[in-house]
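> sharing a model that was predicted from the sequence below.
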Amino acid sequence: MSFLDRLAKGAERLLGKGQCALGFHKGEWDYLRPDRCEQEVNCARCGLQTRVKHESYTSWEEDAQDACREIRHCERCAEEDARSNHDFVDQGPKRPGDCRTFTQACRKCREKKEKRYSKPKHRWGSWQANPGATNEMFRVCNHCGEKEFDAIKESK
Ligand SMILES: [Zn+2]
Ligand SMILES: [Zn+2]
Ligand SMILES: [Zn+2]
Ligand SMILES: [Zn+2]
């Protein structure tokens, strides 16, 4: 075998190992039993491997015991999968002077969490004419004091 061939073989072995580490084995996965999700493959590179794979699930449904939880089941083995299903709404700014960070509470179970918005959610007061400039109005955020200016449009 030439040096290059050996290099190529080595690279393939290394690459193959990497593939196996990522779960891409050389061979076909087979289910062991029709009502279970354990699978095995006799990999040409690393030997016998097993895993559990739930292929398809029923659609998400609200858990009858808990309105803030959704469940679904594996269509093959009935394994349960759950995710939370809270309905968070803003309660108000968390800190004075900060219009980005809000306290939220779940409408259903009252669980609280903190939510940080990428854009501030100001609480604007009403527009008022700017005494220092012509045809300009401004409004002030009641929470953080930020000001916003705009032109007063001529009414015809
Ligand atoms: Zn393998
Ligand atoms: Zn399953
Ligand atoms: Zn909830
Ligand atoms: Zn503000």
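Right, received. Where do you want to start? Ligands and ions are numbered 1, 2, ... in the order given.
> where does this protein have its least confident helix or strand?
helix 3-21 (a mean of 79; mean pLDDT, DSSP states H and E).
> gap between it and the chain center?
36 Å (Cα atoms, centre = their mean, to the nearest Å).
> I'd like the next helix or strand past it.
The element immediately downstream of helix 3-21 (helix or strand, assigned by DSSP states H and E) is strand 30-31.
> roughly how far out does that next one sit from the chain middle?
The answer for strand 30-31 is 31 Å, by Cα atoms, centre = their mean.
> list the buried ones in the least confident helix or strand of the chain?
Buried residues in helix 3-21, counting neighbours by 16 or more other Cβ atoms under 10 Å, are found at Gly16, Gln19, Cys20. Glycine gets a C-beta too; all of them are placed from N, C-alpha and C.
> and if you look at stretch 129-142?
For stretch 129-142, by 16+ other Cβ under 10 Å, it's Met137, Phe138, Arg139, Val140, Cys141.
> for the residue lying closest to Glu154 once chain neighbours are set aside, give me its contacts.
Excluding the flanking residues, the one nearest Glu154 by Cβ to Cβ, 6 or more residues apart in numbering is Asn135, at 7.6 Å. With contact set as Cβ atoms under 8 Å, 6 or more residues apart in numbering, Asn135 has these partners: Ala151, Ile152, Glu154.
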